[in-house]
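Student: Below are the sequence and a predicted model for it; my questions follow.
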Amino acid sequence: MRWEILLILLVACSAPIDDHHADGHVDDHEPVDTQPVEVPVEVQGETVQFQVEAFQFGYEPSTITVNEGDRVQITAWSRDVPHGLRIREFGLNMELRDKTPVTAEFVASKKGTFSYRCSIPCGHGHGGMEGTLIVQ
């Protein structure tokens, strides 16, 4: 009798595990990663550099043209009072507090015409202070 019980236990322990359910679902026994994955934006173009001077109530140059996929590097500063330079669509927001240059970059990942605007109130013409970014 002891040998029969031992034999039954050995057979039961060595039997393959069936991961298939009656509904066709298969258990894969691996944990599912539910964390969001950041996909880096691939730079397909060149690195292009611009120098931008902000002043009451504009930017010089007032238009920047790049190609889709370019890495855009902007070095900017203020001629007079504190200004900002924000391109919302590319997550750029630079604070230009004085004549000290500030550099930021982004990848021009989508075609279109986008405004860059002052993000720091700078006087009566602040609302109209903008430039244009063209991504071809």
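Tutor: Right, received. Where do you want to start?
Student: ok, for Gly123, nearest residue in space, not its chain neighbours?
Tutor: Here the nearest residue to Gly123 in space, its sequence neighbours aside, is Gln56; by CB to CB, 6 or more residues apart in numbering that works out to 5.5 Å. C-betas here are computed from N, CA, C, even on glycine.
Student: Ile87 now?
Tutor: The shortest distance from Ile87 to any non-neighbouring residue, by CB to CB, 6+ apart, is to Tyr116 (4.8 Å).
Student: Would you confirm that that neighbour contacts Ser62?
Tutor: No: counting by CB atoms under 8 Å, Tyr116 stays clear of Ser62, with 9.3 Å between them.
Student: Low-confidence regions, the protein specifically.
Tutor: Applying pLDDT under 70 to the predicted model, the residue ranges of the chain that meet it are 1-43.
Student: mind listing the strands in it by residue range?
Tutor: 47-55, 58-60, 63-66, 71-78, 83-87, 92-96, 102-107, 112-117, 130-135 (DSSP state E).
Student: So which of these is nearest Gly123?
Tutor: Ranking the strands of the chain by distance to Gly123, with CB to CB as the measure, places strand 83-87 first at 9.8 Å.
Student: What are the contacting residues of the closest one?
Tutor: 52, 54-55, 59, 74, 76, 92-96, 106, 114-120, 122, 129, 133 (CB atoms under 8 Å, 6 or more residues apart in numbering).
Student: 6 Å instead, please
Tutor: Contact partners of strand 83-87, identified using CB atoms under 6 Å, 6 or more residues apart in numbering, comprise 54, 76, 93-96, 114, 116-120, 122, 133.
Student: Stretch 106-120 now?
Tutor: Contacts to stretch 106-120, defined as CB under 6 Å, 6+ apart, come from residues 41, 43, 66, 68, 70-72, 82-87, 89-90, 92-93, 126, 129-131, 133-135.
Student: same deal with stretch 52-60?
Tutor: Where contact means CB under 6 Å, 6+ apart, the residues beyond stretch 52-60 that reach it are 74, 76, 78-80, 83, 96, 123, 125, 129, 131.
Student: Just among those residues, which is most surrounded?
Tutor: When those are compared by neighbour count (other CB atoms under 10 Å), His83 ends up highest, at 29 neighbours.
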